[in-house]
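*Asks:* Model the structure of this input:
(chains A and B)
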Protein chains: 2
Amino acid sequence: MSETVYDTDGQVTEAQQAALRLANVSEDDRDDALQSIADAIREHSEAILEANEQDVAEAEQLLEEGEYTQALVDRLKLDDGKLESIAEMVESVAAQDDPLGETLEARELDDDLELYKVAVPIGVVGTIFESRPDALVQIAALSLKSGNAVILKGGSEASESNRVLYETIVEATGEMPEGWAQLIEAHEEVDALLEMDDKVDLIMPRGSSEFVSYIQDNTQIPVLGHTEGVCHVYVDSEADLEMAADIAFDAKTQYPAVCNAVETLLVSEDVAADFLPGMVARYEDAGVTLRGCPTTQEFVDIDPATDEDWATEYGDLELSIKVVEDVYDAIDHANTFGSKHTESIVTENSQHAEAFMTGIDAASVFHNASTRFADGYRYGLGAEVGISTGKIHARGPVGLAGLTTYKYYLEGDGQLVATYAGDDAKPFTHRDFEGDWRPGQLSGN
Amino acid sequence: MSETVYDTDGQVTEAQQAALRLANVSEDDRDDALQSIADAIREHSEAILEANEQDVAEAEQLLEEGEYTQALVDRLKLDDGKLESIAEMVESVAAQDDPLGETLEARELDDDLELYKVAVPIGVVGTIFESRPDALVQIAALSLKSGNAVILKGGSEASESNRVLYETIVEATGEMPEGWAQLIEAHEEVDALLEMDDKVDLIMPRGSSEFVSYIQDNTQIPVLGHTEGVCHVYVDSEADLEMAADIAFDAKTQYPAVCNAVETLLVSEDVAADFLPGMVARYEDAGVTLRGCPTTQEFVDIDPATDEDWATEYGDLELSIKVVEDVYDAIDHANTFGSKHTESIVTENSQHAEAFMTGIDAASVFHNASTRFADGYRYGLGAEVGISTGKIHARGPVGLAGLTTYKYYLEGDGQLVATYAGDDAKPFTHRDFEGDWRPGQLSGN
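*Replies:* Below is the predicted model:
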């Protein structure tokens, strides 16, 4: 058995070259290429589904052997309807506003010396994702729309589907700079990729918290991703208790598997007696497993919560409940045990709302709304690139702007720094103005 | 000899607590505290200069032993004039616009459901810097202005000065949340700090390229800094040659030790014969050591450049010269050997300018201006926090905004996600509007 030789460095270098050219492909051409991808997915549906059947057959084998779950097999499986949704998703990415080329700031430094801050692509984005084959298409589409070259690494369970989808994408985008999308398949290639902090500008992992943490711990490349979501709803002493019950119910039960679902309900001691019995009954009717602090247990008959519960993302129909003294106690609890993802206060008292919202260090803090609103689509960001629990570059739900950076363009007519330095230095004017960068607007050609 | 026990974790935890409160200190109170720092520096000048004398005496001892340079001793030394400049610098930071609280985006998601994206501090910033004692004061002032808690680690050669300056700052800011500034002094503490990626949000190293690279390679915390500046000036076939000579001269000689000085001059083969002899004579008159490619050597009598020269940041009166075919050849050279810092084209042809500016991947790309303009003060960013050669979070010269992130505030009146999901989902309105977040503006209290 011969050892496979991977040329990850060659692939990433090719992507780097392509990125330089892709940064200057017009919006129309990028959108045309996205439309070609959507068309090609429809045209090649037979080949894609055939490859997918191989993946599914293998997964079903592993399911029988008890190594895979039915949920994993379901996520893996494509059909005509799912393929059409994928094609439509690509079209919807094409329809987004162009994230590139916008002049973010324009400032006159002096006569005929103008500085422009312009949105540009980041460069080369490495993406590593698990199972679902539609992830490959979505990530490729988001990268192309934002002018970034992309390295794609999917889960091995979807390898046949991913390969055919990748080939379909490459074939459909022949007009784009060659090598803009690269597929890697082996774990050794991922390890090599994570080492390339001189060539790869951003890593986007998608998968479980453990998976994202693993990536973060094993690369010097900036990582855009989120680990866990330990979110709270706090029912204040001055809450509208009916509203609070609806929000607490929605935040837990509307879709418990996601990161913006609530994990701990905090209740002011002033309203605990009024609020808890009805709330607990409603949760129990919906099949939610509950655990509470000792004070909670004085009001309702549920199991005790341990310290571990306060830091746990259940991701399921499970919830811990804690009675707190007041809004400041709630803030302390959320800052201590929360994951800086999303927190919500229910109150009619605007001072309590302000204390909670400004006092908690989290990407999203809500007043009288369900934590489940923390999402790129609901926020109106368009296509969601990911959710970040980091504070640097992008925080919270991230749209296409998260795949851009900026570049400073300075247009002069021969200015020297010597003129603006020393004892008789000429002063700068530093006057902001509205205007877009157009090359050579000062040189007159 | 007993082993010193450091409580870096305790210090950083205290800073983390302080950061939560500092985020909500008003602009006026932060500015008052900065004024107190400036006043205290003036009041305690005697004690500061006394401590500084100890550092200088020790440094002069090491200078005699050949371990330190005179330049280092000079940078270390404070006097009344320098202290007054430091106090004025703190006042100028206080006078900057508040980087906090600005509503960056406001969007109606639906009736009475309003999303605000608001600028907030990053949290805890770790800073590690070399020699100059004024760095400690500047970094502390920038952190306080931007509402961030700060961990300060200065060079051991300035330890006495730093300790007294730190004590002066802490004493002067008794009204600020306790523990907002922390001084650490030992290498062991730096190692501990670099490990604390769960508590420290950003590291700002200041020092040599090697020093910044070392920090980048040894922490998972995001690093705001710049390594090297290999900048180019390209003299195009259609350049105004007089302008080109002035720019190339300014970019090299006005201050050669800094990262935005030019290291390689690229000259179009169409103008090399006309341009090079005069330019080289002017450089040589100014004491610039020159090395050129073989084609350059056909026109002027200078030493040969090796491949190593193209990638070298001389940081001194040294320059390499290369004759290139055209603007595309210049772009390739800059993308291959440059450090993505600052690049400049001199040309009257706007197509060439556009190709160069959009084709080069660098933080700053200039047309008909000296590379030396790449600087926070000249860009009108106010106080410069640093220069970043990374692409994530902040790129190029970075002002106070580089020490902020954002937070999403959502104001509702009881909205549930269930209303906006499923078959008869209510659509979002997603209408951007001008408005600032004020807590509880919907709840009416």
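
*Asks:* Test my guess that A:A363 contacts A:I392.
*Replies:* No. Applying Cβ atoms under 8 Å, one finds A:A363 not in contact with A:I392, separated by 12.0 Å. Heads up, the C-betas are built off the backbone N, CA and C, glycines and all.

*Asks:* which of those two has more neighbours?
*Replies:* For A:A363 and A:I392, the more surrounded residue by other Cβ atoms under 10 Å in any protein chain shown is A:A363, and the numbers stand at 26 against 21.

*Asks:* What residues does the more buried one make contact with?
*Replies:* The contact partners of A:A363, by Cβ atoms under 8 Å, 6 or more residues apart in numbering or on different chains, come to A:K340, A:H341, A:T342, A:A374, A:I387, A:S388, A:T389, A:R395, A:G396, B:K407, B:Y408.

*Asks:* Let me know the secondary structure of the nearest residue to the first one once chain neighbours are set aside.
*Replies:* Here the nearest residue to A:K340 in space, its sequence neighbours aside, is A:A362; by Cβ to Cβ, 6 or more residues apart in numbering or on different chains that works out to 4.7 Å. Using DSSP: H, G, I helix; E, B strand; the rest coil, the secondary structure recorded for A:A362 is coil.

*Asks:* Count the neighbours of A:A362 for me.
*Replies:* Going by other Cβ under 10 Å, the residues that sit close to A:A362 add up to 24.

*Asks:* for the one 4 residues further on, same thing?
*Replies:* Counted with other Cβ under 10 Å, residues neighbouring A:F366 total 31.

*Asks:* Wait, a helix at it?
*Replies:* No. The assignment for A:F366, made by three-state DSSP, is strand rather than a helix.

*Asks:* ok, it - contacts?
*Replies:* A:T342, A:E343, A:S344, A:I345, A:F373, A:A374, B:Y409, B:L410, B:E411, B:G412.

*Asks:* from the residues you listed, which is closest to A:V323?
*Replies:* A:I345 (15.4 Å; Cβ to Cβ).

*Asks:* The closest one is in contact with A:A353, isn't it?
*Replies:* Yes. With contacts defined as Cβ under 8 Å, A:I345 counts as touching A:A353 at a distance of 5.7 Å.

*Asks:* State the distance from A:S208 to chain B.
*Replies:* According to Cβ to the nearest Cβ, to the nearest Å, A:S208 and chain B sit 19 Å apart.

*Asks:* Between A:I345 and A:A353, which contacts overlap?
*Replies:* Here A:I345 and A:A353 have A:H367, A:N368 as joint contacts, going by Cβ under 8 Å, 6+ apart.

*Asks:* More neighbours: which of these two?
*Replies:* A:I345 (31 against 28).

*Asks:* check which helix or strand covers A:A106.
*Replies:* A:A106 belongs to strand A:103-110 when assigned by DSSP states H and E.

*Asks:* any residue of that strand up close to chain B?
*Replies:* Yes. Strand A:103-110 lies within reach of chain B by Cβ under 8 Å from any Cβ of the partner chain, at A:R107, A:L109.

*Asks:* ok, the helix or strand just after that strand: who's next to it in the sheet?
*Replies:* On the C-terminal side of strand A:103-110, the closest following helix or strand by DSSP H and E is strand A:113-121. If you go by DSSP bridges, strand A:113-121 pairs up with strand A:103-110 (antiparallel), strand A:404-415 (antiparallel).

*Asks:* average model confidence for the last one?
*Replies:* In other words, strand A:404-415. Average pLDDT, strand A:404-415: 96.
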